[in-house]
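**Q** Show me how the following folds:
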Amino acid sequence: MPAKTLTEPAPLPFSYIAKIVSLGDSACGKSSLTVRLCEGRFSNTHDVTIGVEFGSRIVPVGPPASQALETGDVATAASLDDGKQKKMKLSVWDTAGQETYKSITRSYFRGASGALLVFDITRRKTFESVTSWLNDLRQIAEEGVVVVLVGNKVDLASQSTDAQGGNKREVTKEEAEEWCRRENVFRYVETSAKSGEGVERAFLEVAERIYQNIEAGKYDLNDRRSGVKSATGARDGRRTQTVNLGVGNAGGEQKSGCC
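**A** Numbers count the residues shown, from 1 in each chain. Predicted structure coming up:
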């Protein structure tokens, strides 16, 4: 019988895996943002999230993509793939915003390395809630979780009222940015899940700051509570690699896979 030849597994298309949570009041468009990022589409109708939904996307991190992101060239930053560009797989946990599910969804904050804190710029009440959401996150997630404040539904509002009184904006960019400075939140990004405006940038900003923290040695990549793992030695096939990113009591280990 001829000897069997052992072949090396194909190299992974990413270097790191990071757990990201999306949080905020109900009907702010959190699920639509996740679907837009992971599937590149938008639906006018979306069922209310019950508990938590999951998606994933591989994004470039570090130079040269980071330089493109810094200059505002988001399209280039999101698509760079020169064979040397490092990449990160974002495991995105889209949490329910309804009070009924808070006891469940809060447990998913554990082990998150990054978060998108989402509000609807046409509903001031959702902006007034972000401080409470941020406090919940910081109490449960690891210290230093990277937070980006996201003002969604920018397609519904212009900065100034038009002749027909059609402006629906209730939160200005300036007051959202001031809130970020006051609460020590990394960045404010305005998005439209419908048009796709700003969506790539919001997730890329989170991923890039996490990568910078990795390079600075701020995470223990062998500690699941950090929310970041090195992909070295892992297999990326659907349901072939079990990756625990610190979900803890909210479901235990999760299988890595596509959206």
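
**Q** Low-confidence ranges, the stretch 151-259 of the chain, go.
**A** The stretch 151-259 of the chain contains residues with pLDDT under 70 at 158-166, 233-259.

**Q** what are the ranges of the strands in it?
**A** For the stretch 151-259 of the chain, strands defined by DSSP state E, counting those that start in this stretch occupy the ranges 187-190, 228-230, 242-243, 254-255.

**Q** who's in contact with the longest one?
**A** To tie it back to what came earlier, the one meant is strand 187-190. Residues outside strand 187-190 that contact it (CB atoms under 8 Å, 6 or more residues apart in numbering) are 121, 148-152, 154, 173, 176-177, 179-180, 197-198, 201-202, 205, 209. For the C-beta atoms, the positions are set from N, CA and C on the backbone; glycine is no exception.

**Q** which of those count as buried?
**A** Buried subset of the contacts of strand 187-190 (neighbour count, 16 or more other CB atoms under 10 Å): 121, 148-152, 154, 176, 179-180, 197-198, 201-202, 205, 209.

**Q** So which of these sit within helices?
**A** Ala176, Trp179, Cys180, Arg201, Ala202, Glu205, Arg209 (DSSP state H).

**Q** Spatially nearest residue to the last one (excluding sequence neighbours)?
**A** So the one you mean is Arg209. Val146 (4.6 Å; CB to CB, 6 or more residues apart in numbering).

**Q** got a list of what the one you found touches?
**A** By CB under 8 Å, 6+ apart, the contact list for Val146 reads Ser113, Gly114, Ala115, Phe186, Val206, Arg209, Ile210, Asn213.

**Q** cool, Phe119 as well?
**A** Contacts of Phe119 (CB under 8 Å, 6+ apart): Gly24, Asp25, Cys28, Thr126, Phe127, Ser129, Val130, Leu149, Val150, Gly151, Asn152, Val171.

**Q** So it belongs to a strand, correct?
**A** Yes: the assignment for Phe119 (DSSP: H, G, I helix; E, B strand; the rest coil) places it in a strand.

**Q** Which parts of this structure are helices?
**A** Listed in chain order, the helices of the chain (DSSP H) span 30-39, 65-70, 74-79, 102-105, 124-128, 130-140, 173-183, 199-215.

**Q** so can I have a markdown table of these showing distance to Leu90?
**A** Output for those, formatted as a markdown table (distance: least, CB to CB, whole Å):
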| stretch | distance to Leu90 |
| --- | --- |
| helix 30-39 | 8 |
| helix 65-70 | 14 |
| helix 74-79 | 12 |
| helix 102-105 | 18 |
| helix 124-128 | 24 |
| helix 130-140 | 17 |
| helix 173-183 | 21 |
| helix 199-215 | 6 |
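
**Q** Out of the contacts of Val146, grab the one that's most surrounded.
**A** Within the contacts of Val146, neighbour counts (other CB atoms under 10 Å) peak at Ser113, which reaches 32 neighbours.

**Q** Just give me the neighbour total for the closest residue in space to it that isn't next to it in sequence.
**A** Closest residue to Ser113 apart from its sequence neighbours, by CB to CB, 6+ apart: Gly227 at 3.2 Å. Under the neighbour criterion other CB under 10 Å, Gly227 is assigned a count of 27.

**Q** who touches Gly227 in this structure?
**A** Shown in contact with Gly227 (CB under 8 Å, 6+ apart): Ala18, Lys19, Gly111, Ala112, Ser113, Gly114, Ala141, Glu142, Val145, Tyr219, Leu245, Gly246.

**Q** can you pull the pLDDT of the fifth one?
**A** As summarised for this prediction, Ser113 has a pLDDT of 95.

**Q** Any figure for the gap between it and Ser31?
**A** Taking CB to CB, to the nearest Å as the measure, Ser113 and Ser31 are separated by 21 Å.

**Q** do the second one as well
**A** Taken as CB to CB, the spacing of Lys19 relative to Ser31 amounts to 17 Å.
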